[in-house]
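Trainee: following is a predicted model, sequence given first.
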Amino acid sequence: MIRLAPDTVKAQYLFVAPAGQGEVFSPKNHSESSMKLILASTSSYRVALLRRLRVRFDITDPQVDEALIEGELPRDRARRLASLKANTVSAQGALAIGADQVACLNGQVLRKPATIEAAVKQLLLCSGQTVRFWTAVSIRNTASLWRGDRLVPCDVSLREISESEAERYVQLDDPLDCAGSFKWESLGISLFQSIDTDDPTALEGLPLIAVCDLLREADVPLPLLSEKI
């Protein structure tokens, strides 16, 4: 069962623009200067998710070191990497968005499988288990250095999966770039028993309820209406 109940986080922010990428639009009734919105990620999943908000944004490759740190908790790893990614944006007067997701099984971090064999093995490891996803987002104002951070957990319970099912699934859905080795927004849903989260988009890599909440707390009236949509 998916529960939609976002937290409330205080933030201060300026207007961003409507759909697409590129320059920022400032509504006529807003007297302050607008800021560029920059997503510090080249993930096609996060790009597609942010586009759902119909705001204009640019994309940059954060190129941060994602090596595991011994003893670091999965939730702390997600927070740290999201913050580091937002910090890589050097543009002045910009709103930088960094995000990271860490999947773990019984406290052990699950990495992206990269190969078919590794994906099948990871699915069988998760068969009949509950995988916890920690998805963090960090929004940084490069002008004022204000920062807002959110962390959204998601528990995915998988049914018992046979080896032949795992092999068929991997062949059909190609989840080699997904920690946990499944795409819930695609055929991966056929492997599930349940999802428990406050924000289902967090499972895809960018918690949009949290992002929208931060922007609204900053007086950005999402959904944003303008003649340039």
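Mentor: Thanks, I have it.
Trainee: what pairs with the helix or strand encompassing Ala96, parallel or antiparallel?
Mentor: Per DSSP states H and E, Ala96 falls inside strand 94-105. Applying DSSP bridges, strand 94-105 is found paired with strand 36-39 (parallel), strand 108-110 (antiparallel), strand 130-141 (antiparallel).
Trainee: closest one to Glu117 among the ones you listed?
Mentor: strand 108-110 (15.2 Å; CB to CB). Backbone N, C-alpha and C define where each C-beta goes, glycine included.
Trainee: pLDDT wise, what is the closest residue to Leu123 other than its chain neighbours at?
Mentor: Leaving aside its sequence neighbours, Leu123 sits nearest to Ala166 (CB to CB, 6 or more residues apart in numbering; 4.2 Å). The model reports Ala166 with a pLDDT of 97.
Trainee: got it, and the one 4 residues further on?
Mentor: Per-residue confidence at Val170 stands at 97 (pLDDT).
Trainee: the residue nearest to it when sequence neighbours are not counted: neighbour count?
Mentor: Leaving aside its chain neighbours, Val170 sits nearest to Ala119 (4.7 Å; criterion: CB to CB, 6+ apart). By other CB atoms under 10 Å, the residues close to Ala119 number 26.
Trainee: state the distance from the residue positioned nearest the centre of the chain to Cys126.
Mentor: Central residue of the chain (CA atoms, centre = their mean): Leu206, 1.9 Å from the mean position. From Leu206 across to Cys126, the span is 22 Å (CB to CB, to the nearest Å).
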